[in-house]
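J.: sequence and predicted structure below; questions after.
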Amino acid sequence: MIHGLTQLTYLAAAALFILSLRWLSHPKTARRGVAAGVGGMTLAVVGTLLAPEIVNYTWIAIAATVGIALGVPLSWVPLTAVPQRTALSHAFGGLAAGLVGTAKYLIWFQHGELTQFRTGAIVLEVILGYLTFTGSLMAAGKLQEIVPTRPITYPNQNVVNLGLLAIAIGAGVYLTIDPYVTWAFPLIVLLSLAFGVLLILPIGGADMPTVISLLNSYAGLSAVAMGFVLENKLLITAGALDGSSGLILSIIMCRAMNRSFTNVLFGAFGQVQAGAAATEVKTAKSATPQDVAELLTTADRVVVVPGYGMAVAQAQHKVRELYDQLTRRGIDCKFAIHPVAGRMPGHMNVLLAEAEIPYDALLEMDDINPDLPQTDVALVVGANDVVNPAARHDKSSPIYGMPIIDVDKAKAVVAIKRSMNPGFAGIDNELYYLDHTLMAFGDAKQVMGDVVKALSGEGSTH
Amino acid sequence: MAELDLWSMLFVFMLATFVGFQVIQNVSRLLHTPLMSLTNAISAIAIVGAILIAGEEESTTTTVLGTVAVAASMTNIVSGFLITDRMLKMFREREPKR
């Protein structure tokens, strides 16, 4: 009877989770999606608490309290820190899966109830869970800049990494065939933990959007494996939704960089690629904020291209003030968002939404590119590689083939940049040397603030 | 374990993956960051497994493992849903021209 009731709550929860993601498809219905998710989760938890196996609620209550105490402050982080928070939550998801898998193994080992199927599923859950745990912790550390963000490489890195994973999988297969071998399980746990760390070491900051998505997918798959271990179809459903979401996002990120998964994971992009460092002296034209303001007042159409530099400088609110100034003057102002701008999928959209820029002014790369030739000023705020024209024509460039926002086609380009130092990939950006490009040097927030000041000082009429 | 269950679980996995692909492909790129925090909260449904282990009183070790797992999942549930809602509240349309 109670079992049936629990299953009923699980069934309803699965439906609510699917609806939750469905409603997320549009900003208008998205918040209803969150409500559906909360509803599904509450039902499932209550349904589980009814289970007759539970004899002691003390530890559950304590753990839940700790979780709430940790979770609430974690939801208050500034939006620039959302990538770190996301990586951290992938780590917690992986940890939970790994721990539950370990506990189940111990329980069934004690009772002599390990079957080959159960062991195989546990092995999968534990490998995915623990590697997601340490890998995501590393990713969070890199995003928070506790761990160096540049790729850390050493000789034969890929051989070592894949070798460790191969040993872990080999031990897993062995354990599945003979579930009562005592040495294999601890070895699998240790190797998975180590593999997670080593997998993320060679990954550079700009590859984070792909890596976070991939870890998202692993966290989901570890929940699926847990579902197979516990024979719980709700876990399988929710994990599969999470896993497919992460996979779709990683595919979008890879396409947006014209790279393959293998290349992201094993390519150590962003190492010293000084190969083609052009030695010829090129000159860039620099401009003061006043120059930029004057140029903007003569424009009819302006496209702003934000990048990670905007997030670092926390310049989104100044960007909004600029947007207000331009819109007030009747100048059409749009934002061009590259899929991999920032450190996680959709990062720029969230920052600009936080600054209260209406979302219908935010356009995807493919939608805005045809408009750029008719754009008077393209304003690049802290973006670099995603606007480098070399990606279109320079076959020797490491970013050749990557789809970019064609700001060089605009009638004038203004790039706000801290210095002439190249971006993460160490690639010189020829955009900065074009005849119609002006460089405004300085901190993005400072420069934007000065431009806004110059604009408002000039009065609000044309 | 009955063989039938393995097959029905695989069916559920297959169908849920396809539903996931369909539903998530429709999510606007604007909302990819909230999408990730929402799916993250949803996959913290792993709390269901953790609760059973923390409450079973099987052995001290497993109770500790289960308790930590409940805490980790609960953190994800709470912070995931709260931050998703916080972000979604910020997405607004252009105000109608006055």
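T.: Here it is on my side, so go on. Residues are numbered from 1 along each chain as shown, chains lettered A, B, ... in the order given.
J.: buried ones in the top helix by length along chain B?
T.: Longest helix in chain B, counting residues (DSSP state H): helix B:60-90. Neighbour-count burial for helix B:60-90 flags B:62-63, B:65-88, B:90 (criterion: 16 or more other Cβ atoms under 10 Å in any protein chain shown). To be clear about C-beta, it is placed using only N, CA and C from the backbone, and glycine gets the same treatment.
J.: swap in stretch A:53-69?
T.: Neighbour-count burial for stretch A:53-69 [16+ other Cβ under 10 Å]: A:54, A:59, A:60, A:63, A:64, A:66, A:67.
J.: what sits up against it?
T.: The contact list for stretch A:53-69 (Cβ atoms under 8 Å, 6 or more residues apart in numbering or on different chains) reads A:49, B:50-52, B:54-57, B:63, B:66-75, B:77-78.
J.: ok so residue A:416 is a strand residue?
T.: Yes - Residue A:416: assigned to a strand according to DSSP: H, G, I helix; E, B strand; the rest coil.
J.: what sits against it?
T.: A:309, A:379, A:380, A:381, A:382, A:440, A:441, A:442, A:444, A:447, A:448.
J.: redo that, cut-off 7 Å
T.: Contact analysis of residue A:416 by Cβ atoms under 7 Å, 6 or more residues apart in numbering or on different chains lists A:380, A:381, A:382, A:440, A:444, A:447.
J.: quick revisit: return the distance of the longest helix of chain B from the chain's centre.
T.: Distance of helix B:60-90 from the chain centroid (Cα atoms, centre = their mean, to the nearest Å) equals 10 Å.
J.: what is that helix packed up against?
T.: For helix B:60-90, the contact count by 3 or more Cβ pairs under 7 Å, 6 or more residues apart in numbering or on different chains; DSSP states H and E identifies helix A:30-49, helix A:58-74, helix A:82-111, helix A:347-354, helix B:32-43, helix B:47-55 as packing neighbours.
J.: closest one to residue A:151 among those?
T.: For these, the distance to residue A:151 is smallest for helix A:82-111, at 16.7 Å, taking Cβ to Cβ.
J.: what is the least confident helix or strand in chain B?
T.: None of the helices or strands of chain B scores lower by mean pLDDT, DSSP states H and E than helix B:3-25, at a mean of 92.
J.: who's in contact with the residue of chain B found nearest chain A?
T.: Going by Cβ to the nearest Cβ, chain A is nearest to residue B:74 of chain B, at 2.3 Å. Residues near residue B:74 by Cβ under 7 Å, 6+ apart: A:63, A:64, A:67, A:68, A:71, B:47.
J.: 6 Å instead?
T.: Counting by Cβ atoms under 6 Å, 6 or more residues apart in numbering or on different chains, residue B:74 touches A:64, A:67.
J.: residue A:176 now?
T.: Contact analysis of residue A:176 by Cβ under 6 Å, 6+ apart lists A:116, A:119, A:120.
J.: quick check: angle from whichever helix or strand it is part of to helix A:82-111?
T.: Per DSSP states H and E, residue A:176 falls inside helix A:157-177. Relative orientation of helix A:157-177 and helix A:82-111, computed by axes from the mean of the first three to the mean of the last three Cα atoms, to 10 degrees: 30 degrees.
J.: right, and the helix or strand after helix A:157-177?
T.: Counting by DSSP H and E, the next helix or strand C-terminal to helix A:157-177 is helix A:184-200.
J.: and for that following helix, what are the contacting residues?
T.: So helix A:184-200 is contacted by A:127, A:130-131, A:134-135, A:138-139, A:161, A:164-165, A:167-168, A:171-172, A:174-175 (Cβ under 6 Å, 6+ apart).
J.: quick one: least confident of those residues?
T.: In terms of pLDDT, the weakest of the contacts of helix A:184-200 is residue A:161, which scores 90.
J.: quick one: the least confident helix or strand of chain B to chain centroid distance?
T.: Taking mean C-alpha positions (Cα atoms, centre = their mean), helix B:3-25 and its chain are 16 Å apart.
J.: quick one, it and helix B:32-43 angle?
T.: Put simply, helix B:3-25 runs at 160 degrees to helix B:32-43, going by the same axes, to 10 degrees.
J.: so helix B:3-25, near chain A or not?
T.: Yes - residues of helix B:3-25 are located near chain A by Cβ under 6 Å from any Cβ of the partner chain, namely B:9, B:12, B:13, B:16, B:17, B:19, B:20, B:21, B:23, B:24.
J.: got a ChimeraX select line for the buried ones in these?
T.: The ChimeraX selection below is limited to those of those classed as buried (16+ other Cβ under 10 Å):
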select /B:9,12,13,16,17,19,20,23,24
